[in-house]
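Novice: how would this look folded up:
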Amino acid sequence: MTKYNLPFGNQGWDYSRTPDMSGKVVAITGGNSGIGFEAAKVFVSKNARVTIFCRNEQKAIEAVAEIAKHATKAASIDYILMDLSSLASVRQAAEQFLSSHEKLDVLLNNAGLMMIPTRTLTKEGFETQFGVNHLGHFVFAQLLFPLVERAEGRIVAVSSIAHMWGLKRIKFEDLSFESGYSSTASYGQSKLANMLFIHELQRRLSAAGSKVTAFVVHPGYADTNLQRTGPGGIEKWLMIAFGRFFSHPPSHGAKSLVLAATDPEAQPVTFYGPVKRGGLGGPVGIFPMAAHGQDMEAAAKLWAVSEELADAKWSI
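Specialist: Have a look, this model is predicted:
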(Lines give C-alpha, C1' and ligand atoms only; values in the text may rest on other atoms or scores of the structure.)
Protein backbone atom coordinates (compact mmCIF):
# COMPACT_ATOMS: atom_id res chain seq x y z
CA MET A 1 0.00 0.00 0.00
CA THR A 2 1.42 3.39 -1.02
CA LYS A 3 2.18 5.70 1.90
CA TYR A 4 1.64 9.37 1.08
CA ASN A 5 3.32 12.24 2.91
CA LEU A 6 0.36 14.23 4.25
CA PRO A 7 1.61 16.35 7.17
CA PHE A 8 -1.62 18.36 7.27
CA GLY A 9 -3.92 15.33 7.64
CA ASN A 10 -5.32 12.66 5.35
CA GLN A 11 -7.51 15.17 3.52
CA GLY A 12 -4.46 17.26 2.67
CA TRP A 13 -3.86 20.97 3.08
CA ASP A 14 -6.98 23.10 2.71
CA TYR A 15 -7.74 26.81 2.42
CA SER A 16 -9.24 26.78 5.91
CA ARG A 17 -5.63 26.88 7.15
CA THR A 18 -4.94 30.20 5.42
CA PRO A 19 -4.13 32.78 8.10
CA ASP A 20 -5.20 36.41 8.20
CA MET A 21 -2.99 38.44 5.84
CA SER A 22 -3.76 41.94 7.06
CA GLY A 23 -0.92 44.27 6.09
CA LYS A 24 0.69 41.64 3.84
CA VAL A 25 1.82 42.58 0.33
CA VAL A 26 1.77 39.91 -2.39
CA ALA A 27 3.11 39.95 -5.97
CA ILE A 28 2.00 37.23 -8.39
CA THR A 29 3.24 36.70 -11.92
CA GLY A 30 0.51 35.41 -14.21
CA GLY A 31 -2.28 36.18 -11.80
CA ASN A 32 -4.87 36.87 -14.48
CA SER A 33 -5.87 33.22 -14.99
CA GLY A 34 -5.45 29.68 -13.73
CA ILE A 35 -3.86 28.87 -10.41
CA GLY A 36 -2.36 32.34 -9.94
CA PHE A 37 -5.82 33.87 -10.35
CA GLU A 38 -7.28 31.44 -7.80
CA ALA A 39 -4.48 32.16 -5.32
CA ALA A 40 -5.06 35.91 -5.71
CA LYS A 41 -8.73 35.46 -4.81
CA VAL A 42 -7.76 33.67 -1.60
CA PHE A 43 -5.18 36.31 -0.66
CA VAL A 44 -7.57 39.24 -1.01
CA SER A 45 -10.23 37.35 0.93
CA LYS A 46 -7.72 37.27 3.79
CA ASN A 47 -7.04 41.04 3.69
CA ALA A 48 -3.85 41.02 1.59
CA ARG A 49 -2.76 43.75 -0.83
CA VAL A 50 -2.11 41.97 -4.13
CA THR A 51 -0.49 42.99 -7.40
CA ILE A 52 -0.72 40.67 -10.41
CA PHE A 53 1.79 40.93 -13.27
CA CYS A 54 0.39 40.18 -16.74
CA ARG A 55 1.24 40.60 -20.43
CA ASN A 56 -2.23 41.48 -21.69
CA GLU A 57 -3.81 44.62 -20.26
CA GLN A 58 -7.40 43.76 -21.11
CA LYS A 59 -7.09 40.36 -19.44
CA ALA A 60 -5.46 42.03 -16.44
CA ILE A 61 -8.31 44.52 -16.11
CA GLU A 62 -10.91 41.75 -16.30
CA ALA A 63 -9.01 39.62 -13.76
CA VAL A 64 -8.67 42.51 -11.31
CA ALA A 65 -12.42 43.16 -11.52
CA GLU A 66 -13.19 39.51 -10.77
CA ILE A 67 -10.63 39.16 -7.98
CA ALA A 68 -11.98 42.34 -6.38
CA LYS A 69 -15.31 40.59 -5.84
CA HIS A 70 -13.57 38.37 -3.26
CA ALA A 71 -11.70 41.17 -1.50
CA THR A 72 -12.33 42.44 1.99
CA LYS A 73 -12.43 46.16 2.73
CA ALA A 74 -8.84 45.94 4.00
CA ALA A 75 -7.58 44.22 0.84
CA SER A 76 -6.59 45.65 -2.52
CA ILE A 77 -5.89 44.30 -6.00
CA ASP A 78 -4.11 45.97 -8.90
CA TYR A 79 -1.94 45.02 -11.87
CA ILE A 80 1.31 45.88 -13.59
CA LEU A 81 2.06 44.94 -17.18
CA MET A 82 5.05 42.66 -17.64
CA ASP A 83 6.28 40.35 -20.40
CA LEU A 84 8.60 37.69 -18.98
CA SER A 85 10.00 37.03 -22.46
CA SER A 86 11.61 40.50 -22.33
CA LEU A 87 14.09 41.24 -19.56
CA ALA A 88 13.66 44.94 -20.33
CA SER A 89 9.95 44.56 -19.58
CA VAL A 90 10.74 42.62 -16.39
CA ARG A 91 13.06 45.39 -15.21
CA GLN A 92 10.52 48.09 -16.04
CA ALA A 93 7.74 46.27 -14.16
CA ALA A 94 9.98 45.67 -11.15
CA GLU A 95 10.96 49.33 -11.07
CA GLN A 96 7.29 50.33 -11.15
CA PHE A 97 6.56 48.06 -8.18
CA LEU A 98 9.65 49.20 -6.27
CA SER A 99 8.65 52.83 -6.66
CA SER A 100 5.28 52.29 -5.01
CA HIS A 101 5.96 49.68 -2.30
CA GLU A 102 8.13 49.59 0.80
CA LYS A 103 8.04 45.84 1.35
CA LEU A 104 6.96 42.55 -0.21
CA ASP A 105 5.79 39.69 2.00
CA VAL A 106 5.19 37.12 -0.74
CA LEU A 107 6.71 36.92 -4.20
CA LEU A 108 4.90 34.19 -6.12
CA ASN A 109 6.66 33.28 -9.36
CA ASN A 110 3.77 31.51 -11.03
CA ALA A 111 3.53 32.48 -14.72
CA GLY A 112 4.82 30.13 -17.36
CA LEU A 113 4.63 28.59 -20.80
CA MET A 114 4.28 24.88 -21.51
CA MET A 115 5.54 22.58 -24.24
CA ILE A 116 5.84 25.08 -27.11
CA PRO A 117 5.82 22.89 -30.25
CA THR A 118 8.54 24.74 -32.16
CA ARG A 119 11.70 26.36 -30.86
CA THR A 120 11.29 30.11 -30.40
CA LEU A 121 13.42 32.75 -28.70
CA THR A 122 12.83 35.54 -26.19
CA LYS A 123 13.64 39.17 -26.96
CA GLU A 124 17.19 38.59 -25.66
CA GLY A 125 17.66 35.38 -27.66
CA PHE A 126 17.07 32.70 -25.03
CA GLU A 127 14.98 29.61 -25.73
CA THR A 128 11.49 30.75 -24.79
CA GLN A 129 10.53 28.23 -22.11
CA PHE A 130 13.89 28.60 -20.33
CA GLY A 131 13.77 32.37 -20.76
CA VAL A 132 10.21 32.87 -19.52
CA ASN A 133 9.86 30.12 -16.92
CA HIS A 134 13.31 30.56 -15.39
CA LEU A 135 15.39 33.57 -16.45
CA GLY A 136 12.59 36.13 -16.39
CA HIS A 137 11.61 35.05 -12.89
CA PHE A 138 15.26 34.90 -11.79
CA VAL A 139 15.70 38.56 -12.72
CA PHE A 140 12.33 39.57 -11.28
CA ALA A 141 13.15 37.96 -7.93
CA GLN A 142 16.63 39.52 -7.89
CA LEU A 143 15.18 42.99 -8.42
CA LEU A 144 12.42 42.66 -5.82
CA PHE A 145 14.56 40.84 -3.25
CA PRO A 146 15.33 43.99 -1.20
CA LEU A 147 11.60 44.41 -0.53
CA VAL A 148 11.22 40.73 0.41
CA GLU A 149 14.24 41.05 2.72
CA ARG A 150 12.68 44.07 4.39
CA ALA A 151 9.49 42.09 5.05
CA GLU A 152 11.33 38.89 6.06
CA GLY A 153 9.05 37.37 3.47
CA ARG A 154 8.75 34.34 1.23
CA ILE A 155 9.71 33.60 -2.36
CA VAL A 156 7.68 30.83 -3.98
CA ALA A 157 8.44 29.18 -7.32
CA VAL A 158 5.85 27.09 -9.12
CA SER A 159 7.64 24.07 -10.56
CA SER A 160 6.03 20.88 -11.84
CA ILE A 161 6.23 17.12 -11.78
CA ALA A 162 7.60 17.80 -15.30
CA HIS A 163 11.01 18.40 -13.67
CA MET A 164 11.26 14.61 -14.01
CA TRP A 165 10.83 14.75 -17.80
CA GLY A 166 13.27 14.95 -20.67
CA LEU A 167 17.01 15.01 -20.09
CA LYS A 168 16.63 15.08 -16.29
CA ARG A 169 19.45 17.63 -16.12
CA ILE A 170 20.21 21.19 -17.15
CA LYS A 171 21.64 21.22 -20.66
CA PHE A 172 24.44 23.63 -19.81
CA GLU A 173 26.23 22.95 -23.10
CA ASP A 174 23.17 24.09 -25.06
CA LEU A 175 20.65 25.89 -22.82
CA SER A 176 18.69 27.20 -25.79
CA PHE A 177 18.34 23.79 -27.47
CA GLU A 178 19.96 24.94 -30.71
CA SER A 179 20.19 21.24 -31.51
CA GLY A 180 17.72 18.51 -30.66
CA TYR A 181 14.85 20.75 -29.58
CA SER A 182 12.03 18.92 -27.85
CA SER A 183 9.01 20.71 -26.41
CA THR A 184 8.86 18.22 -23.55
CA ALA A 185 12.58 18.24 -22.76
CA SER A 186 12.73 22.03 -22.90
CA TYR A 187 9.72 22.39 -20.63
CA GLY A 188 11.17 19.82 -18.24
CA GLN A 189 14.45 21.73 -18.13
CA SER A 190 12.69 25.00 -17.29
CA LYS A 191 10.74 23.38 -14.44
CA LEU A 192 13.91 21.73 -13.15
CA ALA A 193 15.54 25.16 -13.26
CA ASN A 194 12.73 26.54 -11.05
CA MET A 195 13.46 23.83 -8.50
CA LEU A 196 17.24 24.26 -8.56
CA PHE A 197 16.84 28.02 -8.25
CA ILE A 198 14.94 27.60 -4.97
CA HIS A 199 17.53 25.15 -3.63
CA GLU A 200 20.41 27.55 -4.28
CA LEU A 201 18.40 30.55 -3.12
CA GLN A 202 17.62 28.94 0.22
CA ARG A 203 21.24 27.84 0.63
CA ARG A 204 22.38 31.42 0.12
CA LEU A 205 19.69 32.80 2.40
CA SER A 206 20.68 30.43 5.19
CA ALA A 207 24.38 31.18 4.74
CA ALA A 208 23.67 34.92 4.94
CA GLY A 209 21.51 34.54 8.05
CA SER A 210 18.52 35.98 6.18
CA LYS A 211 15.00 35.46 7.51
CA VAL A 212 13.63 35.25 3.96
CA THR A 213 12.54 31.72 3.04
CA ALA A 214 12.25 29.99 -0.35
CA PHE A 215 9.61 27.48 -1.40
CA VAL A 216 8.91 25.30 -4.42
CA VAL A 217 5.51 23.81 -5.25
CA HIS A 218 3.58 22.05 -7.98
CA PRO A 219 -0.14 22.26 -8.85
CA GLY A 220 -0.65 18.72 -10.13
CA TYR A 221 -2.71 18.43 -13.31
CA ALA A 222 -4.77 21.59 -12.99
CA ASP A 223 -7.24 22.38 -15.77
CA THR A 224 -5.88 25.73 -16.96
CA ASN A 225 -5.11 27.55 -20.21
CA LEU A 226 -1.51 26.31 -19.94
CA GLN A 227 -2.35 22.95 -21.51
CA ARG A 228 -4.55 24.49 -24.21
CA THR A 229 -2.31 27.35 -25.34
CA GLY A 230 1.15 25.78 -25.06
CA PRO A 231 1.31 22.35 -26.72
CA GLY A 232 0.61 21.99 -30.42
CA GLY A 233 -0.59 19.29 -32.77
CA ILE A 234 -1.28 15.88 -31.31
CA GLU A 235 0.30 16.84 -27.97
CA LYS A 236 -2.38 19.50 -27.47
CA TRP A 237 -5.25 17.10 -28.11
CA LEU A 238 -3.69 14.39 -25.98
CA MET A 239 -3.35 16.88 -23.12
CA ILE A 240 -6.99 17.95 -23.48
CA ALA A 241 -8.25 14.36 -23.64
CA PHE A 242 -6.03 13.31 -20.72
CA GLY A 243 -7.23 16.28 -18.72
CA ARG A 244 -10.86 15.26 -19.00
CA PHE A 245 -10.13 12.21 -16.89
CA PHE A 246 -7.25 13.26 -14.63
CA SER A 247 -7.33 17.04 -14.16
CA HIS A 248 -8.71 19.01 -11.24
CA PRO A 249 -9.99 22.61 -11.02
CA PRO A 250 -7.45 25.45 -10.78
CA SER A 251 -8.75 26.16 -7.28
CA HIS A 252 -7.34 22.81 -6.14
CA GLY A 253 -4.09 23.34 -8.03
CA ALA A 254 -3.61 26.68 -6.27
CA LYS A 255 -3.69 25.15 -2.78
CA SER A 256 0.03 24.39 -2.76
CA LEU A 257 0.78 28.00 -3.76
CA VAL A 258 -1.25 29.42 -0.89
CA LEU A 259 0.20 26.85 1.51
CA ALA A 260 3.78 27.86 0.71
CA ALA A 261 2.92 31.56 0.72
CA THR A 262 1.08 31.66 4.03
CA ASP A 263 1.09 28.60 6.27
CA PRO A 264 3.21 29.14 9.41
CA GLU A 265 4.12 25.43 9.43
CA ALA A 266 5.33 25.38 5.81
CA GLN A 267 8.96 24.29 5.47
CA PRO A 268 11.34 25.83 2.89
CA VAL A 269 12.49 23.79 -0.11
CA THR A 270 9.70 21.25 0.43
CA PHE A 271 7.85 20.13 -2.69
CA TYR A 272 4.24 20.83 -1.77
CA GLY A 273 1.50 19.70 -4.12
CA PRO A 274 -0.96 16.88 -4.89
CA VAL A 275 0.55 13.53 -3.89
CA LYS A 276 -1.47 10.82 -5.64
CA ARG A 277 -1.36 9.42 -9.21
CA GLY A 278 2.28 10.39 -9.57
CA GLY A 279 1.54 13.92 -8.45
CA LEU A 280 -1.26 14.50 -10.95
CA GLY A 281 -3.93 14.82 -8.28
CA GLY A 282 -5.17 13.95 -4.84
CA PRO A 283 -4.76 15.71 -1.49
CA VAL A 284 -2.04 18.33 -1.08
CA GLY A 285 0.97 17.23 0.91
CA ILE A 286 4.65 16.68 0.22
CA PHE A 287 5.58 15.08 -3.11
CA PRO A 288 9.06 13.57 -3.52
CA MET A 289 11.56 15.50 -5.63
CA ALA A 290 13.64 13.68 -8.21
CA ALA A 291 17.30 13.25 -7.27
CA HIS A 292 18.39 15.60 -10.08
CA GLY A 293 16.04 18.22 -8.63
CA GLN A 294 18.21 18.27 -5.52
CA ASP A 295 21.61 18.46 -7.24
CA MET A 296 23.28 21.30 -5.35
CA GLU A 297 26.27 21.42 -7.69
CA ALA A 298 23.96 21.92 -10.66
CA ALA A 299 21.94 24.49 -8.67
CA ALA A 300 25.05 26.56 -7.93
CA LYS A 301 26.17 26.37 -11.55
CA LEU A 302 22.74 27.37 -12.85
CA TRP A 303 22.73 30.37 -10.51
CA ALA A 304 26.12 31.56 -11.74
CA VAL A 305 25.19 31.03 -15.39
CA SER A 306 21.86 32.80 -14.92
CA GLU A 307 23.49 35.82 -13.28
CA GLU A 308 25.87 36.11 -16.23
CA LEU A 309 23.29 35.52 -18.98
CA ALA A 310 20.78 37.96 -17.54
CA ASP A 311 23.29 40.45 -16.09
CA ALA A 312 21.50 40.10 -12.75
CA LYS A 313 23.83 39.98 -9.75
CA TRP A 314 22.15 39.03 -6.49
CA SER A 315 23.17 40.66 -3.18
CA ILE A 316 23.40 37.31 -1.37
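Novice: need the helices for this structure, in chain order.
Specialist: 34-45, 57-68, 87-98, 128-130, 137-151, 183-208, 225-229, 233-246, 250-253, 255-262, 296-310 (DSSP state H).
Novice: Leaving out sequence neighbours, find the closest residue to residue 93.
Specialist: Using Cβ to Cβ, 6 or more residues apart in numbering and skipping residues adjacent in sequence, the residue nearest residue 93 is residue 82, 3.6 Å away. In short, each C-beta sits where N, CA and C put it, glycine included.
Novice: Could you do residue 151 as well?
Specialist: Leaving aside its sequence neighbours, residue 151 sits nearest to residue 103 (Cβ to Cβ, 6+ apart; 3.9 Å).
Novice: isn't the one you found right up against residue 145?
Specialist: No. With contact defined as Cβ atoms under 8 Å, residue 103 does not reach residue 145; the gap is 11.7 Å.
Novice: Have a look at those two and say which one is more surrounded.
Specialist: Comparing residue 103 with residue 145 by other Cβ atoms under 10 Å, the one with more neighbours is residue 145, at 21 against 15.
Novice: Next one: the more buried one relative to residue 27, how far apart?
Specialist: 12 Å (Cβ to Cβ, to the nearest Å).
Novice: Now do the contacts for the closest residue to residue 282 other than its chain neighbours.
Specialist: Among residues not flanking residue 282 along the chain, residue 276 sits closest, at 2.7 Å (Cβ to Cβ, 6+ apart). By Cβ atoms under 8 Å, 6 or more residues apart in numbering, the contact set of residue 276 is 4, 282, 283.
Novice: re the thing from before, how much space is there between the residue nearest to residue 93 and residue 192?
Specialist: 23 Å.
Novice: What of residue 83?
Specialist: Distance from residue 83 to residue 192, by Cβ to Cβ: 23 Å.
Novice: ok, the nearest residue to residue 252 once chain neighbours are set aside - contacts?
Specialist: Leaving aside its chain neighbours, residue 252 sits nearest to residue 222 (6.9 Å; criterion: Cβ to Cβ, 6+ apart). If you count contacts by Cβ under 8 Å, 6+ apart, residue 222 has them with 34, 35, 247, 248, 249, 250, 252, 253, 254.
Novice: and which of the contacts of residue 276 is nearest residue 204?
Specialist: residue 4 (31.4 Å; Cβ to Cβ).
Novice: What is the end-to-end distance of stretch 116-127?
Specialist: 10 Å (Cα to Cα, to the nearest Å).
Novice: Mind listing what's buried along that stretch?
Specialist: By 16 or more other Cβ atoms under 10 Å, the buried positions in stretch 116-127 come out as 116, 119, 122, 126, 127.
Novice: what's in contact with that stretch?
Specialist: So stretch 116-127 is contacted by 83, 85-89, 128-129, 131-132, 135-136, 175-177, 181, 183, 186-187, 230-233, 235, 309-310 (Cβ under 8 Å, 6+ apart).
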